[in-house]
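Undergrad: Generate a structure from the sequence data that follows.
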Amino acid sequence: MLAIALYLNTRRISRHIGHLREFAIKAEEGKELDHELERRLPDDELGEISHTIITLYWKLRHSEEDKLRLKRQLTQNAAHELKTPAASIHGYLESILDHPDMPQDKRQHFLERCYAQSERMSKLLMDMSQLTRLDEMPTSLSINKEYNNVIDVVPIIHNVLEDTTLQLKNKGIEPIIISSPFAEPESLIYSLFRNLVDNALAYAIGATRILITYDNGEFSVADNGVGVPPQHLPYLFERFYRVDKGRSRKLGGTGLGLAIVKNTVVAHGGTITALPTPGGGLTVKFTLRG
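TA: Model prediction:
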């Protein structure tokens, strides 16, 4: 009786291991899979282990599919963003070549538009290149010896504001820095603050102030402009996301500035969030070396 019981139990285990092996072979060969194998699993410890393995497989598969979907989406968005200035340049140059007797002032206007569109394309390519470098960096620069040169961030912020003095003055925006002494790893910090200031210059309509603060380990860059509708806040840091697509392209934005900001913060081991400024406007809060 004992032998019969062992035989039946061994046969049952072997059968279910066979089902799991069949699933593994199909998965490895990339064949079409269904959930039939999972439904045939026993209701015991072996079945529980097999169920966990299969569940992990489906999660990994879905994760890879999501990555591929995001890559395709990024490629499509990039192609779309590049197509607009490329088509404009082509159209202007075609007009110039097809009309050699075109008035000089009109020719000059077309050439200036070509230059402006080429500048936009160049900035888009540079932003995409920077995002690619950020994607290839370690998860946290704070644990990478190459980036452990700690510096005072205040001079970098002053450099950003100095480089944007003319734009700030033309917009009637007063920059204010309120902070206690702080320092962070020297890497990409200028780009981070420059993109935040440029974003406020471009989209903070009616703003009269940009307030940059550092308190209790957290940075804050806030403006008192029109702000962003609440439903857009969770998506502001996504690549190519635009609150107002027509206006963003008209202003020459690439749709990548805030994505670079987020990736820079993440590369420095920090977190970032966007929320309304009390009284109106947009506030971006983030930490570094979290």
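
Undergrad: Can you show me the strands along the stretch 51-200 of the chain?
TA: 150-152, 174-179, 183-185 (DSSP state E, counting those that start in this stretch).

Undergrad: is it fair to say residue 289 lies in a strand?
TA: No - if the criterion is DSSP: H, G, I helix; E, B strand; the rest coil, then residue 289 is coil and not within a strand.

Undergrad: Surely it and residue 271 touch.
TA: No - using CB atoms under 8 Å, residue 289 is not in contact with residue 271, being 10.9 Å away. C-beta here means a position set from N, CA and C on the backbone, and glycine is covered the same way.

Undergrad: Show me which of these two is the more surrounded one.
TA: Neighbours per residue (other CB atoms under 10 Å) separate residue 289 from residue 271, with residue 289 holding more: 16 against 13.

Undergrad: rewinding a little: quickly, which of the strands of the stretch 51-200 of the chain bottoms out on average pLDDT?
TA: Mean pLDDT across these is lowest at strand 183-185; the value there is a mean of 58.

Undergrad: count of residues packed around the closest residue to residue 192 other than its chain neighbours?
TA: In this structure, residue 192 finds its nearest non-sequential neighbour in residue 264, 4.6 Å apart by CB to CB, 6 or more residues apart in numbering. Residue neighbour count, defined by other CB under 10 Å, stands at 25 for residue 264.

Undergrad: On the three-state scheme, residue 264 is what?
TA: Under three-state DSSP, residue 264 falls in the helix class.

Undergrad: distance of it from residue 124?
TA: 18 Å (CB to CB, to the nearest Å).

Undergrad: same deal with residue 283?
TA: Applying CB to CB to residue 283 and residue 124 gives a distance of 27 Å.

Undergrad: more crowded one of these two?
TA: residue 124 (21 against 18).

Undergrad: The more buried one against residue 82, yeah?
TA: Yes - here residue 124 reaches residue 82: they are 6.4 Å apart, a contact under CB under 8 Å.

Undergrad: Name the nearest residue to residue 225, ignoring sequence neighbours.
TA: Using CB to CB, 6+ apart, the nearest residue to residue 225 is residue 204, at 3.0 Å.

Undergrad: For that neighbour, give its distance to residue 165.
TA: 17 Å.

Undergrad: Give me the more crowded residue out of the two.
TA: Higher neighbour count among residue 204 and residue 165: residue 204, with 25 against 10, using other CB under 10 Å.

Undergrad: which residues touch the more buried one?
TA: Residues in contact with residue 204 (CB atoms under 8 Å, 6 or more residues apart in numbering) are 173, 210, 223, 224, 225, 226, 281, 282.

Undergrad: out of the residues you listed, who has the most neighbours?
TA: residue 223 (27 neighbours).

Undergrad: Thanks again, I'm all set now.
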